[in-house]
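**Q** Below: sequence and its predicted model.
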Protein chains: 2
Amino acid sequence: MTDMDVRGVMAAMGEAARNAAAELAFATAESKRAALETAAEAVSARRAEIIAANAKDMEYGQAKGLSPAMLDRLKLDDARIDGIVAGLRSVADQDDPVGAVMAEWDMPSGLHIRRVRTPIGVIGVIYESRPNVTADAGALCLKSGNAVILRGGSESFHSSGAIHACLVEGLRAAGLPEAAVQLVPTRDRAAVGEMLTMTDHIDVIVPRGGKGLVGRVQAEARVPVFAHLEGICHVYLDGAADLEKARRIVVNAKTRRTGICGAAETLLVDRAFLDRHEAVIRDLLTAGVEVRGDATLAAIEGVTPAQDDDYGREFLDMIIAAKVVDGVDGAIAHIRSFGSNHTDAIVTEDDATADRFFQRLDSAILMRNASTQFADGGEFGMGAEIGIATGKLHARGPVGAEQLTSFKYLVDGNGTIRP
Amino acid sequence: MTDMDVRGVMAAMGEAARNAAAELAFATAESKRAALETAAEAVSARRAEIIAANAKDMEYGQAKGLSPAMLDRLKLDDARIDGIVAGLRSVADQDDPVGAVMAEWDMPSGLHIRRVRTPIGVIGVIYESRPNVTADAGALCLKSGNAVILRGGSESFHSSGAIHACLVEGLRAAGLPEAAVQLVPTRDRAAVGEMLTMTDHIDVIVPRGGKGLVGRVQAEARVPVFAHLEGICHVYLDGAADLEKARRIVVNAKTRRTGICGAAETLLVDRAFLDRHEAVIRDLLTAGVEVRGDATLAAIEGVTPAQDDDYGREFLDMIIAAKVVDGVDGAIAHIRSFGSNHTDAIVTEDDATADRFFQRLDSAILMRNASTQFADGGEFGMGAEIGIATGKLHARGPVGAEQLTSFKYLVDGNGTIRP
């Protein structure tokens, strides 16, 4: 396609999304639930077709020289299809957020005021190789009454198309507009540029992917963005930490899965914890983690000396930076300088110290005596998430269906006039 | 000042605001209340000084040839000073939103999750001639724990400066950072351009003023904006309207104050109401309103024929456009085409019709059997407002202290790790 063609295609999709959103705003909870239920059945029934489409993508990805990790993210098999089906059903079963009364009150004037949830409008989702995002993002946007324009990675072109067809089948069966969930039909990267500037047709962009993608979106978007660029998660072991909790949490926060945004990247050790820290460091080394420590910590056998730029770095790998700090205020100062306002944890038995950490830091998620790997919509009870946001406007932390809504005020009077 | 100087001044103010915001985020409710209380006392005590400063502004405004309406907005007298003092006290007495637990729940993993209100950070407020905005906006931002950079109109330069000095006195007395409330110290318009692009130092811009100012801000800002461009408010008289309520509401919605954004600008009359509409139109004419009607309505003596561009026009004057529509769906279609998502009202005794109007329109405020003039933070119980927003992200409708907050998640475990 030429750039002109791409512009025309995107403008038409935007127009269709706007119209679909106007209808979706008052679609019944039951019709949205039914659409997602039918889509789940369709994904399950058409799994052979989806896996065949995925095989084409895998071939394309191998030819393109994708890394084994990328190919693994792209791959669909029976178990992953089951996961997609379960995800769709889980969103289908959630409470419908639209129309919920968030607050209501009476005024002395006689007015009764209700604040009621509404959809935002049109969401744009830009993602990379994971084809399941097609189902997750499509489902969450539909549940929250928003139309969505999905732009999957070029690697997952056929897989996403096959899954998208199932979502459309669900919409059709439920009598909802098919344009409620649209997939950009071209691999042309110009489509992304269009989405980022379609302020008339898209209300929010949600990028799902690595730093390259998210950075580009944040820099170029004229449309508001819900996103985080990096998850530089810290675990701080306070002098009043329980050693066994510290050991369990540090190993889990670093090693359970290293490639997710909630994985710990830096370990901060209170000087007052230095009588017990070796057990924690040895656990990490034993688990196969490369520990890059400051001068004090590098004295432990197996620890390598950290470079300055190891602090504030998102390794997404079996590597952790480690540093000694002076008490909770030292940890707070370090996190303010090097953190990314994503998720940071303190291990301590002291309530006042934990409160200070919770009050003085402004990460989207702050944890006490728990692993940073819990930074996830499912673990927060949201059923699913479309991403995690570190901005402070509208959405923050895991973004589920509820955070994809806005609100309006409905005011009832009885011939009431203002004096 | 040269542009370079302005840039340097604004960058320094931004830096100071960021630092103040970090401290304000955990300032006690009592210290913020005390600062506002002291500021109220200072405004009252220094009223002669403030009125003298205002006299300089009035002289400047007269020399500049400001309209009588503009001069009236600018003018401060004893009664208006009392109003400012009362406003500061009312915000002082409000509940402190920061730290409030918005929701909390337990997860099967053992985690206890709290969602807690936090300030947004730094707010930029750009306004025109009303000097009281200095106090209102400063107070609301402080109450919500945000630092604020105020940029008043060049006409109110001295008045705003004198009021600002009282706010600073309050901050100082309460031991809070003086940079929590800063006033741009130059009339140079380049300062506005700087504020609109200071994404590192300002989190949200709130413009208060006419269409020219708001339009410029919305077009040029790189910082997110809470604003409405126009208040094209409609009143729809349904076939099932009560005539007496209709008469009361239409006259109040149009004439109580014509210059505010909640004033009605268009009257929509259901074809089924045409047996009773003349009384309403005559009331308007008797009140001195110029009624611009479509062909049907222009048949009434005293009504002038409407031009196409009278629909969707914000008169802010004793003029109203009027049109016959076919039922509630006709009204909905008209408002979708010509409205500005601000405030729209229906007059009807029929619940199903009112529900349809409430469901299918997406104005920030929808009213039934009440005057659109109630579109105001005070009338919504917010104590004060920094403005009214028609966007759908974060803030919507009247923006009080609560909507100037964000939130974070505080998660408590007990050595909890993710399987």
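**A** Done, it's in.
**Q** what does the biggest strand by length in chain A contact?
**A** The residue-count maximum for a strand in chain A (DSSP state E) belongs to strand A:405-416. Contacts with strand A:405-416, where a contact means Cβ atoms under 8 Å, 6 or more residues apart in numbering or on different chains, come from A:97-98, A:102, A:109-120, A:144-145, B:242, B:244-245, B:248-249, B:358, B:362-371, B:374, B:380, B:392-393, B:396-397. Where C-beta positions appear, they are placed from N, C-alpha and C, glycine not excepted.
**Q** Mind doing that once more with 6 Å?
**A** With contact meaning Cβ atoms under 6 Å, 6 or more residues apart in numbering or on different chains, strand A:405-416 is reached by A:97, A:110-118, A:120, A:144, B:245, B:248, B:358, B:364-370, B:392, B:397.
**Q** Pull up the pairing partners for it, direction included.
**A** Using DSSP bridges, strand A:405-416 pairs in its sheet with strand A:112-119 (antiparallel), strand B:365-370 (parallel).
**Q** which parts of it are buried?
**A** A:Thr405, A:Ser406, A:Phe407, A:Lys408, A:Tyr409, A:Leu410, A:Val411, A:Asp412, A:Gly413, A:Gly415, A:Thr416 (16 or more other Cβ atoms under 10 Å in any protein chain shown).
**Q** Reformat the strands paired with strand A:405-416 into CSV and put mean neighbour count next to each item.
**A** Formatted as CSV, these follow (neighbours: other Cβ atoms under 10 Å in any protein chain shown):
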stretch, mean neighbour count
strand A:112-119, 20
strand B:365-370, 27
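**Q** right, and those strands - which one's nearest B:Ala40?
**A** strand A:112-119 (27.8 Å; Cβ to Cβ).
**Q** What is the subsequent helix or strand relative to the closest one?
**A** strand A:122-127 (DSSP states H and E).
**Q** Export only the CA atoms of that next one, formatted as PDB.
**A** The C-alpha coordinates for strand A:122-127 follow below in PDB (Å, rounded to 0.1, in the frame of the first residue of the first chain):
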ATOM      1  CA  VAL A 122     -12.200   4.400  20.900                       C
ATOM      2  CA  ILE A 123      -9.000   2.700  22.100                       C
ATOM      3  CA  GLY A 124      -6.000   2.000  19.900                       C
ATOM      4  CA  VAL A 125      -3.800  -0.900  20.900                       C
ATOM      5  CA  ILE A 126      -0.400  -1.300  19.300                       C
ATOM      6  CA  TYR A 127       1.500  -4.500  20.100                       C
END
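**Q** Is it in proximity to chain B?
**A** No: with Cβ under 6 Å from any Cβ of the partner chain as the criterion, chain B is not reached by strand A:122-127; the gap is at least 10.5 Å.
**Q** what does the helix or strand bottoming out on mean pLDDT in chain A rub up against?
**A** Taking mean pLDDT, DSSP states H and E as the measure, the helix or strand of chain A with the lowest value is helix A:68-74, at a mean of 88. Helix A:68-74 has contacts (Cβ under 6 Å, 6+ apart) with A:Asp57, A:Gly61, A:Ser129, A:Arg130, A:Glu155, A:Ser156.
**Q** repeat for stretch A:19-35
**A** Contacts of stretch A:19-35 (Cβ under 6 Å, 6+ apart): A:92, A:96, A:119, A:121-122, A:142-143, A:145, A:147, A:170-171, A:174, A:176-177, A:179-180, B:359-360.
**Q** contacting residues around A:Val347?
**A** A:Leu237, A:Ala241, A:Lys245, A:Ala246, A:Ile249, A:Asn369.
**Q** Report the spatially closest residue to it, excluding sequence-adjacent ones.
**A** A:Ala241 (4.2 Å; Cβ to Cβ, 6 or more residues apart in numbering or on different chains).
**Q** Break chain A down into its domains, please.
**A** A:3-226+A:399-411, A:233-379 (automatic domain parsing).
**Q** Of the ones you listed, which is nearest B:Glu15?
**A** domain A:233-379 (14.7 Å).
**Q** In helices only, show me the contacts of helix A:68-74.
**A** A:Asp57, A:Gly61 (DSSP state H).
**Q** Closest one of the contacts of helix A:68-74 to A:Gly339?
**A** The closest of the contacts of helix A:68-74 to A:Gly339 turns out to be A:Arg130 (Cβ to Cβ; 26.2 Å).
**Q** Next up, the contacts around that closest one.
**A** With Cβ under 6 Å, 6+ apart, A:Arg130 has these contacts: A:Arg73.
**Q** Near chain B, which residues of chain A? Just list them.
**A** Checking chain A against chain B by Cβ under 6 Å from any Cβ, the hits are A:26, A:107, A:111, A:120, A:224, A:245, A:248, A:252, A:256, A:358-360, A:364-371, A:373-374, A:381, A:392-394, A:397, A:406, A:408-418.
**Q** could you pull out the helices for the stretch 301-419 of chain A?
**A** Secondary structure of the stretch 301-419 of chain A, counting by DSSP state H, counting those that start in this stretch: helices at A:327-338, A:351-360.
**Q** Next: the stretch 51-200 of chain A.
**A** Taking DSSP H, counting those that start in this stretch, the helices of the stretch 51-200 of chain A run over residues A:68-74, A:78-93, A:132-143, A:157-173, A:190-197.
**Q** deepest of these, which one?
**A** helix A:132-143 (a mean of 28; mean count of other Cβ atoms under 10 Å in any protein chain shown).
**Q** Dump the strands paired with strand A:405-416 into a markdown table; add distance to A:His334 and mean pLDDT as well.
**A** Shown next, in a markdown table, are those (distance: least, Cβ to Cβ, whole Å; pLDDT from 0 to 100):
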| stretch | distance to A:His334 | mean pLDDT |
| --- | --- | --- |
| strand A:112-119 | 39 | 97 |
| strand B:365-370 | 46 | 98 |
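**Q** can I get the helices of the stretch 301-419 of chain A in CSV with mean neighbour count and distance to B:Ala299?
**A** Below are those laid out as CSV (neighbours: other Cβ atoms under 10 Å in any protein chain shown; distance: least, Cβ to Cβ, whole Å):
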stretch, mean neighbour count, distance to B:Ala299
helix A:327-338, 18, 70
helix A:351-360, 18, 68
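**Q** Columns mean pLDDT and distance to B:Gly210 on top of these, output as a markdown table?
**A** Listed next are the helices of the stretch 301-419 of chain A as a markdown table, based on pLDDT from 0 to 100; distance: least, Cβ to Cβ, whole Å:
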| stretch | mean pLDDT | distance to B:Gly210 |
| --- | --- | --- |
| helix A:327-338 | 97 | 40 |
| helix A:351-360 | 97 | 41 |
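**Q** Can you say which of the ones you listed is nearest to B:Ala40?
**A** helix A:351-360 (27.8 Å).
**Q** ok, the closest residue to A:Ala190 other than its chain neighbours to A:Val328 distance?
**A** Among residues not flanking A:Ala190 along the chain, A:Val6 sits closest, at 4.4 Å (Cβ to Cβ, 6+ apart). Per Cβ to Cβ, to the nearest Å, A:Val6 is found 52 Å from A:Val328.
**Q** What of A:Gly83?
**A** 40 Å.
**Q** With distance to B:Asp72 added, can I get the helices of the stretch 301-419 of chain A in TSV?
**A** Conversion of these to TSV gives the following (distance: least, Cβ to Cβ, whole Å):
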stretch	distance to B:Asp72
helix A:327-338	47
helix A:351-360	46
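**Q** before we move on, back to that, is it possible to get the domains of chain A out as a markdown table so that each row also shows distance to B:Lys323?
**A** Listed next are these as a markdown table, based on distance: least, Cβ to Cβ, whole Å:
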| stretch | distance to B:Lys323 |
| --- | --- |
| domain A:3-226+A:399-411 | 22 |
| domain A:233-379 | 47 |
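**Q** Now do the longest strand of chain A and helix A:132-143, the angle between them.
**A** With axes from the mean of the first three to the mean of the last three Cα atoms, to 10 degrees as the basis, strand A:405-416 and helix A:132-143 are set at 0 degrees to each other.
**Q** Just the C-alpha atoms of strand A:405-416, please, in PDB.
**A** Taking C-alpha atoms only, strand A:405-416 is exported to PDB below (Å, rounded to 0.1, in the frame of the first residue of the first chain):
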ATOM      1  CA  THR A 405     -14.000   3.800  31.400                       C
ATOM      2  CA  SER A 406     -14.800   7.500  32.000                       C
ATOM      3  CA  PHE A 407     -17.900   8.800  33.700                       C
ATOM      4  CA  LYS A 408     -20.700  11.400  33.300                       C
ATOM      5  CA  TYR A 409     -23.000  13.100  35.700                       C
ATOM      6  CA  LEU A 410     -26.800  12.400  35.600                       C
ATOM      7  CA  VAL A 411     -28.800  15.000  37.500                       C
ATOM      8  CA  ASP A 412     -32.400  14.800  38.400                       C
ATOM      9  CA  GLY A 413     -34.500  17.700  39.400                       C
ATOM     10  CA  ASN A 414     -38.200  18.600  39.700                       C
ATOM     11  CA  GLY A 415     -38.500  21.800  37.800                       C
ATOM     12  CA  THR A 416     -35.400  22.900  39.800                       C
END
